[in-house]
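Student: sequence and predicted structure are below.
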Amino acid sequence: MLQERSKMPKDEQLLKSKKITDTITSLEEWKKADTVFTYIDMGAEVKTKDLIRLAWSEGKRVCVPIAKKNRLMYFVEITDFENLKKTKLGVSEPDLTQDFEVVPKKDDLFIVPGSVFDESKNRCGYGGGFYDTYGEKYGLDNTVGVCYDFQLLKSIPVEEFDRKLKMIVTEKRIVK
């Protein structure tokens, strides 16, 4: 699936990402959220920078993840795209310690990436278990998986620690 995604032309990624952004920002969950927790895209992932800019323009806080060893992930607020550093894996992250962690509240919105999803709102990430561990720790319910429509299958294998999403948004549909 990741190979297929990486073959997608950049202009197609941008067009589909814009449709996904437009759908997310029309959701009631978006409108209620004071804070949006999201990732900063890399490679062929669904693009999130326009979504982040829209959140800022609407006065929302934006928090992005910092991943460490042993499935430790925490989110910190960003107010611009300056001072981001690339990790060994190529992920752009702020250079902030866990002292700056923003803890999620009930109505905060979580935008979640992944490699493949299914119509039962299951997600397969990239193998680290970071989002599942984080979601379990904070009891996240307001989670929105984002992917290109071809990444959304009828069914995928799941394991006991995998957490279902509240919904999945592609450029063609919403699965709730």
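Tutor: Yep, it's here.
Student: regarding residue 111, what is its secondary structure?
Tutor: strand (DSSP: H, G, I helix; E, B strand; the rest coil).
Student: list the contacts for it?
Tutor: Going by C-beta atoms under 8 Å, 6 or more residues apart in numbering, residue 111 touches 24, 36-39, 48, 51, 144, 146. Using the backbone N, CA and C atoms, a C-beta is placed for each residue, glycine as well.
Student: inside strands: which ones of the residues you listed?
Tutor: 36-37, 144, 146 (DSSP state E).
Student: residue closest to the middle of this structure?
Tutor: With distances taken as C-alpha atoms, centre = their mean, the residue of the chain nearest its centroid is residue 112 (2.6 Å).
Student: one step back: list just the nearest of the contacts of residue 111 to residue 95.
Tutor: Nearest to residue 95 out of these is residue 39 (C-beta to C-beta; 16.6 Å).
Student: biggest helix in the protein by residues?
Tutor: In the chain, with assignment by DSSP state H, the single longest helix is helix 10-26.
Student: average pLDDT for it?
Tutor: Averaging pLDDT along helix 10-26 yields 98.
Student: for stretch 89-96, same thing?
Tutor: 91.
Student: and that stretch, how far apart are its ends?
Tutor: From its first residue to its last, stretch 89-96 covers 17 Å (C-alpha to C-alpha, to the nearest Å).
Student: list the buried residues for it?
Tutor: 91-94 (16 or more other C-beta atoms under 10 Å).
Student: and the contacts of stretch 67-77?
Tutor: Residues from elsewhere that reach stretch 67-77 (C-beta under 8 Å, 6+ apart): 37, 61-66, 87, 91, 93-94, 96, 98, 100-102, 104, 128-131, 133-134.
Student: give me the buried subset of these.
Tutor: Buried among these (16+ other C-beta under 10 Å): 37, 61-66, 91, 93-94, 102, 104, 129-131, 133-134.
Student: now, those residues that are in helices?
Tutor: Filtering the buried ones among the contacts of stretch 67-77 for helices - DSSP H - leaves 130-131, 133-134.
Student: return the set of buried residues in stretch 11-19.
Tutor: In stretch 11-19, counting by 16+ other C-beta under 10 Å, buried: 13, 16-17, 19.
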